[in-house]
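Peer 1: Here is my input, please return the structure:
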Amino acid sequence: MTFRPTSMSAMLKRVAAVATITSMLSGVAEAASGKLTIGLVLPMSGAFADQGQYYENGVKLYQKLHGTTVAGLTVETVLRDDQGPGSGDLARRLTQELIVRNKADVILGYSFTPNAMSAATLLTEAKKPAVIVNAATSIITEKSPYFVRVSFTLPQLAATLGTWAAKNNIKTAYTIVSDYAPGIDAETWFKKSFEAGGGKVIGDARTPVAAMEYSPFLQRAMEAKPDAVFAFNPGGDVSVAFMKAARERGLVKSGIKLLVTGDVVDDYMLAAMGDAVEGVISSLHYQVELDNKANAEFLKGYREMFGANAVPSVRTVQAYDAMALIYKAVEKTNGNLDGDVLMAALKGTKLESPRGPLEIDPATRDVIENIYIRKGELKDGGWHNIAFDTIEAVKDPAK
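Peer 2: Coordinates of the predicted model:
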């Protein structure tokens, strides 16, 4: 009998086959444990703690309405506080802790771009899917094949608003954006779409991410005498400060239109902004008054949990939809929690969301959704964003 040594290529094929089987068995073993663990990485303290609370509310509401089991698995959520922007190293450490110590099957989180970016290589190495609940810089999903974004991208909002402005007799604009990746995305894509439609950006300013004093920037913008000012900042108290400064400077009363991405005038902040939102034009992927079955169910449940007059943030909807996306993917896999199997299920998933039809683009893993053009108006004794135009099935124009 002659002994024939196994060729290197054959050996490598066998090793690859064993690795594939091991990976598949790992997913089956996790499912057999009877538990789906979702790790939450959210800003629960610091200047943006209100955002973290709204995301957490969305997670809790989804489970109240749809239960804590899916595909025969009990769903457990484990929350970690990344403390907001500028804490990328912390976000990465928390992600690692959730994967290694808590055995998280999926990560839901990353309100801010630097935090998502910091976790990208770790998620790739661990082969763990992560549903981005907010971070809106376009390029993020290209940093890991395990990222899926359920929120929006700044190009989606800014380019849509730039196109609308150019079509509606706005000839010149001045931009004021926060000086970090999402702000630069917003500035770039507003300018690109606005100028493609025949408009011209005649000046620009970039402000600190956590800036609370905007008068000098607004003064320079008004001195340039544009038809409109386009603005973006990261929301919360920062947005309230910007809007109040714009009102105090008399920007809109001077005849200059104020155009913002809709997260700057998120519905839950309107009471704090008051008449500063009057006449302000915004673009966003959610509108509280949307008339659809999913939104009616969402609002009913939200107000039962948080009060009859409670106003949800768009961030609440994003977290609610992130949970819906995870549940639907796990249903598709019949409880198989292998990372690659889950990612395949997440791609192309469609939801009937409170925001309207939603789909995960299988090619880019970014969300395809309606964008609503809205105007700040006084209605029934309170300030509201009233949608008056809908641009359907908008993809990220940067990809």
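
Peer 1: list the helices and strands the helix or strand Ala296 falls within packs on?
Peer 2: Here Ala296 sits within helix 293-306, counting by DSSP states H and E. With contacts taken as 3 or more C-beta pairs under 8 Å, 6 or more residues apart in numbering; DSSP states H and E, helix 293-306 sits against helix 49-66, helix 314-332, strand 350-353. Bear in mind the C-beta positions are built from the backbone N, C-alpha and C, glycine included.

Peer 1: quick one: it to helix 314-332, angle?
Peer 2: Orientation check (axes from the mean of the first three to the mean of the last three C-alpha atoms, to 10 degrees): helix 293-306 against helix 314-332 gives 110 degrees.

Peer 1: From Thr207, how far off is the nearest residue to Leu258 once chain neighbours are set aside?
Peer 2: Excluding the flanking residues, the one nearest Leu258 by C-beta to C-beta, 6 or more residues apart in numbering is Val280, at 4.8 Å. For Val280, the distance to Thr207 equals 18 Å [C-beta to C-beta, to the nearest Å].

Peer 1: try Gly335
Peer 2: For Gly335, the distance to Thr207 equals 48 Å [C-beta to C-beta].

Peer 1: Tell me which residue is most central in this protein.
Peer 2: Residue closest to the average C-alpha location in the chain (C-alpha atoms, centre = their mean): Asn134, at 2.4 Å.

Peer 1: Provide the secondary structure category for that one.
Peer 2: On the three-state scheme (DSSP: H, G, I helix; E, B strand; the rest coil), Asn134 is labelled coil.

Peer 1: you'd agree Gly236 is up against Gly52?
Peer 2: No. Contact criterion C-beta atoms under 8 Å: Gly236 and Gly52 do not qualify, at 10.4 Å.

Peer 1: rewinding a little: more neighbours: Gly335 and Thr207, which one.
Peer 2: Thr207 (21 against 18; other C-beta atoms under 10 Å).

Peer 1: surely the more buried one meets Thr175?
Peer 2: No. If you go by C-beta under 8 Å, Thr207 and Thr175 don't touch, sitting 10.8 Å apart.

Peer 1: As a check, name the ranges of all helices in this structure.
Peer 2: 8-32, 49-66, 88-100, 113-126, 154-167, 181-196, 215-223, 236-249, 270-273, 293-306, 314-332, 339-346 (DSSP state H).

Peer 1: Of all these, which one is nearest Lys143?
Peer 2: When the helices of the chain are compared by C-beta to C-beta, helix 113-126 sits nearest Lys143, at 3.8 Å.

Peer 1: for the closest one, packing partners?
Peer 2: The contact analysis (3+ C-beta pairs under 8 Å, 6+ apart) places helix 113-126 against helix 88-100, strand 106-109, strand 130-132, strand 147-149, helix 181-196.

Peer 1: Any chance of a markdown table for these, columns mean neighbour count and mean pLDDT?
Peer 2: What follows is the helices and strands packed on helix 113-126, written out as a markdown table (neighbours: other C-beta atoms under 10 Å; pLDDT from 0 to 100):
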| stretch | mean neighbour count | mean pLDDT |
| --- | --- | --- |
| helix 88-100 | 19 | 95 |
| strand 106-109 | 28 | 98 |
| strand 130-132 | 28 | 98 |
| strand 147-149 | 26 | 98 |
| helix 181-196 | 22 | 96 |
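
Peer 1: How far off centre is the helix holding Ala296?
Peer 2: Here helix 293-306 is found 20 Å from its chain centre; the criterion is C-alpha atoms, centre = their mean, to the nearest Å.

Peer 1: Stretch 126-133 now?
Peer 2: The answer for stretch 126-133 is 14 Å, by C-alpha atoms, centre = their mean.

Peer 1: Convert that stretch to PDB, retaining C-alpha atoms only.
Peer 2: What follows is stretch 126-133, C-alpha atoms only, in PDB (Å, rounded to 0.1, in the frame of the first residue of the first chain):
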ATOM      1  CA  ALA A 126     -16.100  39.000  16.000                       C
ATOM      2  CA  LYS A 127     -18.500  38.600  13.100                       C
ATOM      3  CA  LYS A 128     -21.300  40.300  15.100                       C
ATOM      4  CA  PRO A 129     -24.000  42.300  13.400                       C
ATOM      5  CA  ALA A 130     -24.600  45.800  14.600                       C
ATOM      6  CA  VAL A 131     -27.700  47.800  13.900                       C
ATOM      7  CA  ILE A 132     -26.800  51.500  13.800                       C
ATOM      8  CA  VAL A 133     -29.500  53.400  15.700                       C
END
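
Peer 1: So Gly52 sits against Leu40, correct?
Peer 2: No. Between Gly52 and Leu40 there is no contact under C-beta under 8 Å: 9.0 Å.

Peer 1: quick one: contacts for the residue lying closest to Ile281 once chain neighbours are set aside?
Peer 2: Distance criterion C-beta to C-beta, 6+ apart; nearest residue to Ile281, sequence neighbours excluded, is Leu259 at 5.0 Å. Taking C-beta atoms under 8 Å, 6 or more residues apart in numbering, we find Leu259 in contact with 161, 165, 170, 173, 190, 228-231, 280-282.
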